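Q: Have a look; sequence and predicted model below, questions after that.
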Amino acid sequence: MKILVPVKRVVDANVKIRVKPDGTGIDFANVKMAMNPFDEISVEEALRIKEAGLATEVVVVSIGPDKAAETLRTGLAMGADRGILVKTDARIEPLAVAKLLKAVIAAEEPGLVILGKQAIDDDSNQTGQMLAALLGWPQATFASKIVLTDGGATVSREIDGGSETIALKLPAIVTTDLRLNEPRYASLPNIMKAKKKPLDETTPEALGVDVTPRLTVLGTVEPAGRTGGIKVASAAELVAKLKEAGAI
Amino acid sequence: MTTLIIAEHDDHSLNEATAKTLTAAKALGAPVDILVAGLHCRAVAEQAAQLDGVAKVLLADDEELAHRRAEPVAALIVSLADGYDAIVAPATASGKNVLPRVAALLDVMQVSEITKVISPTVFERPIYAGNAIETVESHDPKRVITVRIAAFPATGTGGNAPIETVGVPTDTGLSSWISADLSTSDRPELAGARIVVSGGRALGSAEKFNEVIAPLADQLKAAIGASRAAVDAGYAGNDLQVGQTGKVIAPDLYVAVGISGAIQHLAGMKDSKIIVAINKDPDAPIFQVADYGLVDDLFSAVPAFIAALKG
Ligand SMILES: Cc1cc2nc3c(=O)[nH]c(=O)nc-3n(C[C@H](O)[C@H](O)[C@H](O)COP(=O)(O)OP(=O)(O)OC[C@H]3O[C@@H](n4cnc5c(N)ncnc54)[C@H](O)[C@@H]3O)c2cc1C
Ligand SMILES: Nc1ncnc2c1ncn2[C@@H]1O[C@H](COP(=O)(O)O)[C@@H](O)[C@H]1O
């Protein structure tokens, strides 16, 4: 079985982004980019499944500009076998990402697709669910444990109030949550090896997918900031202040 | 036309997230129906019918909907979609699971976690862990929207809407529910609590977390929350994680104990009315958003806080 892992190139999680003063978007100048943290977790999980002898190939796919190839190389350095770049400079919304992935899946025929639960830039939390819908496949979102069974998968998922376990028939879509695993670091030899691994390129046009956005961004602003308050000297003063403020 | 809300519930009681979603849905300006999907959940439909300003409640009560798996619930919503030009759910674990599936089946781009309705097609939503607010306009024939519940007050009761039963499409049997492991607690629910006490990595163990945080939460009648570090280390349950990828809350009072205040944590609590931080590092970023900061060792400061509250 082949596992497909969509990986997104996003602003590094440790960077505090700035909004352009003219309200036209985020300032990306000199900002460090990285693989979406949830997608690292997905790659790790796919590799573990392969290492357990339950999958034959792990293919990473990214939709984005030329530079998204770097994100694919990160996945290859972790241990994925092959990369596919769907090259576009356009703003691609989750619905269009799902349609592009569907087209890739038609050619690749994976038995399992593992996505992140959310991209930490747009915070949409949609793509996996949408892809499952377009394919007519079952879905297990927010996975904290994946066990492959004969022709299926048993997945524990994080929900409000705790967790639940569901069974899916394969092929299926899983989206990963933070507690699924601890992603590995790529070793230097593996980073070198990754440079020679196959990386194919295609485009939305070649895949026959209309990626016209459905949402127009009218503006982007920084949220009203919070000004820091005061330091109190003791627990007693804290309680006095909270009473004064009517908080307790 | 009309707006359809997907109710959040556990087959017994209607979750307050629904009443908050209703407030957002009403701002769209059209009549609002509420769908209650589940098993043996008529009591929930009756509660939904009492919310103020609901046109009607649709009740889908079926074995297949027992645990609200995404596939049958999405199919149900799509089967009803013709009559609606907006479909709205709270951005709870359940809403986030089901609604994008509905959106894709309708060939609509979902607008996720709106915090403001500007017009029936224009919304505000946070991106980048709340470090930017985007205003977006939807050009789709229908709107599919999830609502950040912390951003809207709950609509009250006083209504008496009719309840109508709807049929359920046949499930394709691609998934099945096996079990759930739910925490039981007498404390207020994190998502809707007026006061929240959260603990971080500094607590050091599940035992200490419980020994230090629980009595303070008891004293304040507060819900308990946690940082990701505390959840990952097993000090607290995953559903207690506050932050960008956990729960986003806005209580009247938020007390952060031994939490540094990473961007991702702030994303989940910086809209709280009053923030208190207890941290031994005077330079911890949490103090930049705290109204009242106490620089002290939490293991002595929290007991002193409790004593002062009792005092
Ligand atoms: C993709 C992604 C998503 C994330 N999502 C979330 C999220 O949703 N929520 C979240 O919280 N985090 C999230 N994080 C993690 C986040 O970046 C931080 O790592 C995390 O919030 C740190 O938790 P903490 O403050 O408990 O631990 P630390 O950062 O280790 O802070 C511990 C604090 O305790 C203080 N301290 C230590 N001992 C004492 C003592 N005895 N008395 C008083 N103070 C003491 C220290 O000074 C320090 O400030 C995410 C990260 C990524 C990459
Ligand atoms: N441009 C992209 N390229 C590859 N994968 C993507 C892209 N956008 C989203 N994804 C996948 O979808 C997941 C959820 O993203 P989102 O729905 O945007 O929050 C991510 O974690 C990725 O696995």
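A: That came through, no problem. Ligands and ions are numbered 1, 2, ... in the order given.
Q: all contacts plus neighbour counts: C-alpha atoms, from now on.
A: Fine.
Q: which SSE is residue B:180 in?
A: For residue B:180, the element it lies in under DSSP states H and E is strand B:175-182.
Q: Residue A:158 contacts residue A:144, correct?
A: Yes - Residue A:158 is within contact range of residue A:144, at 6.5 Å (criterion: Cα atoms under 8 Å).
Q: Return every residue with contacts to both of those two.
A: Here residue A:158 and residue A:144 have residue A:177 as joint contacts, going by Cα atoms under 8 Å, 6 or more residues apart in numbering or on different chains.
Q: So those two - more neighbours on which side?
A: Just comparing residue A:158 and residue A:144: by other Cα atoms under 10 Å in any protein chain shown the higher neighbour count belongs to residue A:158, 26 against 20.
Q: Next, the contact list for the more buried one, please.
A: Neighbour list for residue A:158: A:142-144, A:164, A:177, B:93, B:238-239 [criterion: Cα under 8 Å, 6+ apart].
Q: if you set the cut-off to 7 Å instead, what comes out?
A: Shown in contact with residue A:158 (Cα atoms under 7 Å, 6 or more residues apart in numbering or on different chains): A:142-144, A:164.
Q: Which stretches in chain A count as helices?
A: A:37-51, A:68-78, A:94-108, A:127-135, A:188-194, A:204-207, A:235-244 (DSSP state H).
Q: hey, which of these is tucked in deepest?
A: For these, the largest average neighbour count (mean count of other Cα atoms under 10 Å in any protein chain shown) is found in helix A:127-135, namely a mean of 27.
Q: re the thing from before, kindly point out the strands partnered with the strand holding residue B:180 and how each is oriented relative to it.
A: Sheet pairing of strand B:175-182 (DSSP bridges) gives strand A:162-169 (antiparallel).
Q: What's the mean pLDDT across the partner strand?
A: Averaging pLDDT along strand A:162-169 gives 97.
Q: buried sites along that strand?
A: Buried residues in strand A:162-169, counted by 16 or more other Cα atoms under 10 Å in any protein chain shown: A:162-169.
Q: Of the residues you listed, which pair is most distant in space?
A: Pairwise distances across the buried residues of strand A:162-169 peak at 23.5 Å for A:162 and A:169 (criterion: Cα to Cα).
Q: So which bits of chain A are right by ligand 1?
A: Contacts of chain A with ligand 1, taken as Cα under 6 Å from any ligand atom, map to A:13, A:37.
Q: Extract the residue ranges of chain A that are flagged as low pLDDT.
A: Along chain A, segments meeting pLDDT under 70 are nowhere present.
Q: ok, residue B:309 touching residue A:240?
A: No - with contact defined as Cα atoms under 7 Å, residue B:309 does not reach residue A:240; the gap is 9.1 Å.
Q: Buried residues of the longest strand seen in chain A, list them for me.
A: Assignment by DSSP state E gives strand A:139-149 as the longest strand of chain A. Neighbour-count burial for strand A:139-149, counted by 16+ other Cα under 10 Å, picks out A:139-146.
Q: Helices of the stretch 101-250 of chain B, residue ranges please.
A: Along the stretch 101-250 of chain B, counting by DSSP state H, counting those that start in this stretch, helices occupy B:206-220, B:228-232.
Q: Output the buried residues of strand A:162-169 as CSV; include the columns distance to residue A:184.
A: Below are the buried residues of strand A:162-169 laid out as CSV (distance: Cα to Cα, whole Å):
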residue, distance to residue A:184
A:162, 27
A:163, 25
A:164, 27
A:165, 26
A:166, 27
A:167, 27
A:168, 27
A:169, 28
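Q: show me the residues around residue B:84 that make contact.
A: B:1-4.
Q: quick one: it and residue A:222, what's the gap?
A: Residue B:84 is 33 Å from residue A:222, where distance means Cα to Cα, to the nearest Å.
Q: same deal with residue B:96?
A: Computed as Cα to Cα, the residue B:96 to residue A:222 distance reads 25 Å.
Q: which one of those two has more residues nearby?
A: Of the pair residue B:96 and residue A:222, residue B:96 is the one with more neighbours under other Cα under 10 Å, namely 25 against 19.
Q: And the more buried one, its phi and psi?
A: The phi and psi values for residue B:96, taken as degrees, to the nearest 10, are phi -70, psi -30.
Q: from memory residue A:118 sits against residue A:128, does it?
A: No - between residue A:118 and residue A:128 there is no contact under Cα under 7 Å: 8.8 Å.
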